[in-house]
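coordinates only, sequence not included:
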């Protein structure tokens, strides 16, 4: 585990700049990964499975992970072997201070931790390991240990780590009830505070945790704006959607704060990108155009920058949508609320599951995973048959799966059957992507050159999303593409133990790319991951998820009801293939159709309805053409 007290050499720091007066309030971060000098930083330490991280210097980006099964020991590498920190076995006499000197006659120094982990990864379930042990009393003994079944001791290990996380989060809280921000530790941050509050809500009740939660809720109430949501007016990038969504998780089911929950829930619903902008947004106050229509690819998402004007600054991404949807689900939003269907329209555009390819190229069109938003992926993109396909990656796919489950009102955290529960084709496709790309040592889906950027920079966030999504989908075991079987919750807990810090923050990333070098942020995400994994192990069973199945055939996009004229028009637009070329931003192979309807009506007032009806009944280029038709009015199928 990384040593917070060790000196650090920063390769890249955040670069903060403003982009013109027209973009005042938009902060652009150019953040490079920060690395520690391998000669100064000890390796991950300690580790479970008898495999404490080696003291030999390694980059903090190197992650040991965890084998499928373990010995039920935690240890640290010493000069003469592996010193036991704790034993979770009841069949042998091992305890703190005992040292594993040899494994089957081979010394466990100086790199015994890595060698033992390698052996454990290859071991059969019935294999036994012979150790020479130096007792704390000075005596030498020989012990034979077998592997424990997954889940045998990991719940206790998770509880130990969660207790340490609770101690750190409560100790990091400011006197005003908030937590410091990641940009300026001297200033409080509403968003970081809501994240810490949501993490505390996942912990078992105890006096210090309850007191910290109450202080945070009181402080956040003081920052509740007239529109009902909490706000941080002084911050140009306040992450307001994140803050309010996480606040709903932090409030949980506390009846003392029911009024706060209802106000924040209503704020999130009105903040969703839709035709009618929220009445409290700045654009409405200034009399500027705001809101987006159902043909906009951002429709149904949530604004990242807090703007609602349909221009280049308006960004809606899957991460923001995921937190908003999880918050609304936790707050008990009516299942019939239109917000769910609007969100589904955004999610379906972000999932790679609507295009049909052939042969080896087909999975690139429809692998079932998710990108960052419909027109961008942090993992890059591919040009396939003159189309741009935005690559799926791990944290986005976990976000997408959890979002779909929330939209569909599905929660299988109590599922115990070995078969997958009743899931939509979209949820199954996302699950299959996670199985095919199963990894606990890095965020999968990125090119190899990204291993020290996105792969590691979105690490604790990824583990939190993966853990919560798999638990909610009722998954117990993942069968990877190589045929290996993984009880993901047990492995995730042991993997996180290998990331524990010895001092200060329990968890912190070696990369500052997504601010996970901030102890509060990384520890809060670790709490989400640990609590979901612990709860799955407490259930004790669940579905087996195999990577050997293929994604379903391309799925139709969500359409409005057939009785809705706009819905019928949208269906024609999709079935005619128009959307492949006519992009709203004008970046496709054909002109943008934004504003065409107004021009069409203005040019053909007397015959517009008749011609439009004829086109809808027979959507062909010929049906839309007539002598003298202006060029801007070509609703041709591409």
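Received, thanks. Here the structure is a predicted model, which is why all the values come from computation and not from measurement.

In contact with residue 83: list those residues for me.
By Cβ atoms under 8 Å, 6 or more residues apart in numbering, residue 83 lies in contact with 52, 75-77, 97-99. In short, each C-beta sits where N, CA and C put it, glycine included.

Could you rerun that using 10 Å?
46, 52, 74-77, 96-100, 134, 136 (Cβ atoms under 10 Å, 6 or more residues apart in numbering).

What of residue 338?
269, 272, 274, 300.

Can you flag the buried ones in the contacts of residue 83?
46, 52, 74-77, 98-100, 134 (16 or more other Cβ atoms under 10 Å).

pLDDT, secondary structure and distance to residue 84 added to the residues you listed, as CSV?
Converted to CSV, the buried ones among the contacts of residue 83 look like this (pLDDT from 0 to 100; DSSP: H, G, I helix; E, B strand; the rest coil; distance: Cβ to Cβ, whole Å):
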residue, pLDDT, secondary structure, distance to residue 84
46, 38, coil, 9
52, 40, coil, 9
74, 91, strand, 7
75, 90, strand, 5
76, 89, strand, 9
77, 89, strand, 12
98, 95, coil, 5
99, 96, strand, 7
100, 96, strand, 7
134, 95, strand, 10
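
Show me where the stretch 151-300 of the chain has its helices.
Using DSSP state H, counting those that start in this stretch, the helices of the stretch 151-300 of the chain run over 154-172, 190-201, 207-221, 240-251, 258-271, 282-285.

Relative to residue 430, which of those helices is closest?
Among those, the nearest to residue 430 by Cβ to Cβ is helix 240-251 (20.4 Å).

Check the offset of the closest one from the chain's centre.
15 Å (Cα atoms, centre = their mean, to the nearest Å).

Tell me the one of the contacts of residue 83 nearest residue 430?
Comparing the contacts of residue 83 against residue 430 with Cβ to Cβ places residue 74 closest, at 33.8 Å.

Compute the distance between that closest one and residue 500, please.
9 Å (Cβ to Cβ, to the nearest Å).

Next: residue 461.
Residue 461 is 18 Å from residue 500, by Cβ to Cβ.

what do you get for residue 143?
Counting by Cβ to Cβ - residue 143 and residue 500 are separated by 26 Å.

With neighbour numbers in mind, choose between the two.
residue 500 (22 against 14; other Cβ atoms under 10 Å).

The more buried one should be in a helix, yeah?
No: counting by DSSP: H, G, I helix; E, B strand; the rest coil, residue 500 is not part of a helix but coil.

That one contacts residue 493, correct?
No: contact between residue 500 and residue 493 fails when scored by Cβ atoms under 10 Å: they sit 11.3 Å apart.

okay, and the common contacts of those two?
160-161.

Please, which helix or strand holds residue 321?
Residue 321 belongs to helix 318-330 when assigned by DSSP states H and E.

Next up, the contacts around the residue nearest to residue 208 when sequence neighbours are not counted.
Distance criterion Cβ to Cβ, 6 or more residues apart in numbering; nearest residue to residue 208, sequence neighbours excluded, is residue 170 at 4.9 Å. By Cβ under 10 Å, 6+ apart, the residues touching residue 170 are 196, 200, 203, 206-213, 215.

what do you get for residue 193?
Residue 193 makes contact with 173-174, 176-181, 216-217, 219-220, 223, 230, 232, 243, 246-247, 250, 520, according to Cβ under 10 Å, 6+ apart.

Quick one: buried ones out of these?
The buried subset of the contacts of residue 193 - by 16+ other Cβ under 10 Å - is 173, 177-181, 216-217, 219-220, 223, 230, 232, 243, 246-247, 250, 520.

if we can go back for a sec, closest to residue 287 among the contacts of residue 338?
For the contacts of residue 338, the nearest to residue 287 is residue 274 (19.2 Å; Cβ to Cβ).

ok, that closest one touching residue 281?
No: the pair residue 274 / residue 281 is not scored as a contact, 11.8 Å apart, by Cβ under 10 Å.

shared neighbours of the two, which are they?
By Cβ under 10 Å, 6+ apart, the residues touching both residue 274 and residue 281 are 291, 308.

if we can go back for a sec, how far is the helix holding residue 321 from where the chain is centred?
Worked out by Cα atoms, centre = their mean, helix 318-330 lies 11 Å from the chain centre.

Please pull up the helix or strand immediately following that helix.
Counting by DSSP H and E, what follows helix 318-330 is helix 338-350.

so where's the stretch 201-350 of the chain shaky on pLDDT?
In the predicted model, the stretch 201-350 of the chain carries pLDDT under 70 at residues 235-238.

picking up where we left off before, got TSV for the contacts of residue 83, with distance to residue 159 too?
Converted to TSV, the contacts of residue 83 look like this (distance: Cβ to Cβ, whole Å):
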residue	distance to residue 159
46	17
52	20
74	13
75	19
76	20
77	25
96	18
97	22
98	23
99	26
100	24
134	29
136	25
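
name the element residue 426 belongs to?
Assigned by DSSP H and E, residue 426 belongs to helix 425-436.

Pull out the buried positions in that helix.
For helix 425-436, a neighbour-count test (16+ other Cβ under 10 Å) marks 426-436 as buried.

What of stretch 402-417?
Within stretch 402-417, the residues that count as buried by 16+ other Cβ under 10 Å are 402-408, 410, 412, 415.

So which of these sit within strands?
Per DSSP state E, strands hold no members of these.

from the residues you listed, which ones fall inside helices?
402-407 (DSSP state H).

Pull the most distant pair out of these.
The distance between the two most remote of those (Cβ to Cβ) is 9.8 Å, for 402 and 407.

shared neighbours of the two, anything?
With Cβ under 10 Å, 6+ apart as the test, residue 402 and residue 407 both reach 325, 329, 427.

Now flag whichever of these is closest to residue 108.
Residue 108 lies nearest to residue 427 out of the shared contacts of residue 402 and residue 407, by Cβ to Cβ, at 44.8 Å.

What ranges in the chain fall below the confidence cut-off?
In the chain (pLDDT under 70), the answer is 1-62, 235-238, 355-365, 385-386, 450-452, 502, 553-581, 583-638.

quick one, longest helix in it?
Taking DSSP H as the criterion, the chain has its longest helix at helix 519-539.

quick check: angle from that helix to helix 240-251?
50 degrees (axes from the mean of the first three to the mean of the last three Cα atoms, to 10 degrees).

and helix 519-539, what other elements does it pack with?
Contacts defined by 3 or more Cβ pairs under 10 Å, 6 or more residues apart in numbering; DSSP states H and E place helix 519-539 against helix 154-172, strand 179-180, helix 190-201, helix 459-472, strand 475-479, helix 488-497.

picking up where we left off before, how far out from the middle of the chain is the helix holding residue 426?
15 Å.
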